[in-house]
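1. Need a 3D model of the sequence below.
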Amino acid sequence: MVSESIDTRYAQAVVEPERLSGFHEPDAPPEDVMRACVHCGFCLPACPTYRLTLRERSSPRGRIALIKSVHEGHLSILDPIFQEEMSLCLNCRACEAACPSGVKYGELVETARVQIERVNRHAPHVSLARAAAFRGAFGSTRRFRALSSGLRLYQRSGARQVVRKSGVLKLMNLSKQEAMLPELKEEFLVPGQEYWPAEGERRGTVALLAGCIMSTAYADVDRATARVLARNGYDVVVPTGQGCCGALAVHSGDMDNGRVQARANIEAFDNPQFDAVIVNAAGCGAAMKEYGFLLRDDPAYAERAKQFSARVKDATEFLAQAGLTSQPGQLNIDVTYQEPCHLAHAQRITREPRELLNAIPGLTLVEMPESTMCCGSAGIYNLMQPEMSSALLTRKLDNAATTGVRTIVSANPGCMMQLVAGLRERGEQVEVVHIMTLLDRAYAAASAPEIA
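-> Here you go, the predicted structure:
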């Protein structure tokens with residue numbers, strides 16, 4: 001059973017002038033969350049946009065004050081400062097980790113964006129852009145793979161060199177965006193077509209989220225994740241029917257489409273044989289762990305969403321908690337760890353990745369300054385807010401450079417793409433690698449025959 005679209009029930013009313021004062025159900029910013037903020041200021045040093053602008057309105061408590069003002073009718077939802085600040089926020093959730101009152105800031109900014117999008121949706125360019133991105137490309141894994149195949153052809157055929165030399169990218173102001181596209185080298189991972197049996201003593205069965213970007217641009221990371229899990233005693237299944245996690249849609253104010261994607265994933269992974277649903281992309285994992293909030297008003301899925309979210313585990317979280325039963329081989333390498341926001345702040349997973357890195361013999365972890373500060377990727381933030389994104393990326397790469405290492409480890413595809421693009425622009429030969437890829441290399445080293 002597919003529930004009635006909440007957005008469909010709302011679509012006509014949102015353009016009425018009297019509706020521009022205050023928020024309106026469904027998906028209004030929760031009043032109890034607004035009231036939980038005591039304006040103590042602990043969030044200020046944690047917030048990337050506040051640290052770069054030193055503007056109160058660009059801080060979490062400043063944005064909460066703006067949301068309260070709209071809620072109480074003192075500020076129009078069309079106010080340009082309100083809309084600008086809801087867009088400028090990275091939704092990195094660093095403020096949540098720092099907040100002594102436990103304010104669920106993410107729930108506020110995401111629902112505020114829903115309200116803005118509903119009011120603005122009559123603008124043709126807004127509707128077209130959102131439909132193309134979230135209901136088009138990410139609305140179907142088949143369409144996304146088709147688009148990715150086209151991108152791979154563009155990169156491999158020589159068309160990219162022709163387009164770059166033609167100057168059309170500069171003319172259309174798309175040079176930086178095009179440079180950020182990941183290299184598509186591997187064969188895509190298609191759900192239902194690959195399976196990894198457990199090695200050694202079998203400990204259970206897990207299901208792997210293939211992901212959109214992960215299954216195409218980083219299909220090698222998906223396969224590395226599966227091999228590491230199998231090496232530690234788990235059968236790994238990639239169920240059919242799964243699709244986008246919905247994170248990009250939800251973060252951009254299209255909660256209705258996010259709900260559609262969430263329901264599809266709940267159905268795809270609804271199998272009692274799966275001990276856990278494993279995710280190797282921090283943003284996807286955070287979104288899937290919050291399906292309970294996303295589907296809270298859906299009578300058919302509310303309880304199922306809570307149960308599903310309880311089974312979702314980041315790959316590092318799952319392996320650290322279960323323990324490694326197979327000893328990784330030696331990698332004589334120095335690395336630094338860039339923490340994805342939605343792993344460190346939204347999921348509060350910081351210790352587990354370091355435990356896995358330190359379990360690799362010969363590896364030396366050199367901590368970088370401000371490792372938990374956002375790199376500026378934040379979904380499609382680097383496309384929508386290029387100036388702020390670039391400033392954060394520069395700060396991140398400068399911090400990484402102070403470590404003196406030539407390998408940056410991360411656990412999220414968006415972060416990896418952002419870092420690679422920045423390093424390429426600087427002309428620096430530094431490798432960016434997913435933590436599961438590094439573990440997979442260590443296990444390959446353990447299996448390699450010794451040379452006399």
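
2. Strands of this structure, residue ranges please.
-> In chain order, the chain shows strands spanning 195-196, 204-208, 234-237, 276-279, 312-314, 333-337, 363-365, 407-410, 431-434, with DSSP state E as the criterion.

3. Output those strands in a markdown table, with mean pLDDT appended to each entry.
-> As requested, the strands of the chain are exported to a markdown table (pLDDT from 0 to 100):
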| stretch | mean pLDDT |
| --- | --- |
| strand 195-196 | 96 |
| strand 204-208 | 98 |
| strand 234-237 | 98 |
| strand 276-279 | 98 |
| strand 312-314 | 98 |
| strand 333-337 | 98 |
| strand 363-365 | 98 |
| strand 407-410 | 98 |
| strand 431-434 | 98 |
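
4. who wins for proximity to residue 29 among those strands?
-> When the strands of the chain are compared by CB to CB, strand 312-314 sits nearest residue 29, at 24.8 Å. No exception for glycine: its C-beta is placed from N, CA and C like everyone else's.

5. Tabulate the strands of the chain (TSV), appending distance to residue 376 and mean neighbour count.
-> Output for the strands of the chain, formatted as TSV (distance: least, CB to CB, whole Å; neighbours: other CB atoms under 10 Å):
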stretch	distance to residue 376	mean neighbour count
strand 195-196	34	16
strand 204-208	28	22
strand 234-237	33	23
strand 276-279	22	26
strand 312-314	22	25
strand 333-337	17	20
strand 363-365	23	17
strand 407-410	13	24
strand 431-434	14	19
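
6. Pipe those into a markdown table and attach distance to residue 115 per row.
-> Shown next, in a markdown table, are the strands of the chain (distance: least, CB to CB, whole Å):
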| stretch | distance to residue 115 |
| --- | --- |
| strand 195-196 | 44 |
| strand 204-208 | 35 |
| strand 234-237 | 39 |
| strand 276-279 | 29 |
| strand 312-314 | 27 |
| strand 333-337 | 37 |
| strand 363-365 | 43 |
| strand 407-410 | 33 |
| strand 431-434 | 36 |
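
7. for the ones you listed, which one sits closest to residue 53?
-> Proximity to residue 53 (CB to CB) singles out strand 407-410 among the strands of the chain, at 25.6 Å.

8. Which strands or helices does the closest one pack on?
-> With contacts taken as 3 or more CB pairs under 8 Å, 6 or more residues apart in numbering; DSSP states H and E, strand 407-410 sits against strand 333-337, helix 413-426, strand 431-434, helix 435-447.

9. check contacts around the most centrally placed residue in the chain.
-> Computing the C-alpha centroid of the chain and ranking residues by CA atoms, centre = their mean puts residue 283 first, at 2.3 Å. With contact taken as CB atoms under 8 Å, 6 or more residues apart in numbering, residue 283 is in contact with 245, 247, 340, 342, 379, 412, 414.

10. pretty sure the third one is touching residue 409, no?
-> Okay, so that is residue 340. No - distance between residue 340 and residue 409: 10.8 Å, which falls outside the contact criterion (CB atoms under 8 Å).

11. show me the contacts for residue 29.
-> Taking CB under 8 Å, 6+ apart as the contact definition, residue 29 lies against 23, 67, 71, 107-108, 111-112, 115.

12. roughly how far is stretch 300-309 from the heart of the chain?
-> In terms of CA atoms, centre = their mean, to the nearest Å, the centre of stretch 300-309 is set 21 Å apart from its chain centre.

13. can you list contacts of it?
-> Stretch 300-309 is touched from outside by 1, 3, 262-263, 265-266, 269-270, 277, 288-292, 294-296, 298, with contacts defined as CB under 8 Å, 6+ apart.

14. what about 10 Å?
-> Counting by CB atoms under 10 Å, 6 or more residues apart in numbering, the neighbours of stretch 300-309 from elsewhere in the structure are 1-3, 259, 262-263, 265-267, 269-270, 277, 287-296, 298.

15. Could you tell me which of the residues you listed count as buried?
-> Buried members of the contacts of stretch 300-309, counted by 16 or more other CB atoms under 10 Å: 259, 262-263, 265-266, 269, 277, 287-295, 298.

16. In the stretch 151-300 of the chain, where is pLDDT below threshold?
-> The stretch 151-300 of the chain contains residues with pLDDT under 70 at 151-157, 159-160, 163-164, 169, 172-174, 176-178, 180, 186.

17. For it, just list every one of the helices.
-> 159-166, 168-171, 175-179, 212-216, 219-231, 247-251, 255-268, 282-288, 291-294 (DSSP state H, counting those that start in this stretch).

18. Can you tell me which of those is most buried?
-> helix 282-288 (a mean of 28; mean count of other CB atoms under 10 Å).

19. could you dump that helix to PDB, C-alpha only?
-> Presented in PDB, the C-alpha positions along helix 282-288 are these (Å, rounded to 0.1, in the frame of the first residue of the first chain):
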ATOM      1  CA  ALA A 282      27.600   8.700   5.700                       C
ATOM      2  CA  GLY A 283      24.900  10.900   4.300                       C
ATOM      3  CA  CYS A 284      22.800   7.900   3.200                       C
ATOM      4  CA  GLY A 285      23.200   6.200   6.600                       C
ATOM      5  CA  ALA A 286      22.100   9.300   8.400                       C
ATOM      6  CA  ALA A 287      19.000   9.700   6.200                       C
ATOM      7  CA  MET A 288      18.000   6.100   6.600                       C
END
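
20. Please state the offset of it from the chain centre?
-> Using CA atoms, centre = their mean, the distance from the centre of helix 282-288 to the centre of the chain it belongs to is 6 Å.

21. Repeat that for stretch 432-440.
-> Centre to centre, stretch against its chain (CA atoms, centre = their mean), the figure for stretch 432-440 is 17 Å.

22. next one: stretch 366-377
-> Taking CA atoms, centre = their mean, the mean C-alpha location of stretch 366-377 is offset from the chain mean by 15 Å.

23. and that stretch, how far apart are its ends?
-> Using CA to CA, to the nearest Å, the gap from the first to the last residue of stretch 366-377 comes to 23 Å.

24. can you tell me the average pLDDT over it?
-> Confidence over stretch 366-377 (mean pLDDT, whole number) is 97.

25. In it, which residues are buried?
-> Result for stretch 366-377 [16+ other CB under 10 Å]: buried residues 368, 371-377.

26. now, among the residues you listed, which is nearest to residue 211?
-> Nearest to residue 211, judged by CB to CB, of the buried residues of stretch 366-377 is residue 377 at 15.1 Å.

27. So that closest one sits against residue 421, correct?
-> Yes - counting by CB atoms under 10 Å, residue 377 sits close enough to residue 421 to count as a contact (9.2 Å).

28. Count residues in the vicinity of residue 400, would you?
-> 27 (other CB atoms under 10 Å).

29. and what of residue 188?
-> By other CB under 10 Å, neighbour count at residue 188 equals 18.

30. hang on, it packs against residue 213?
-> No - contact status for residue 188 versus residue 213: not in contact, 11.0 Å apart, counting by CB under 10 Å.

31. Right, I'll leave it there.
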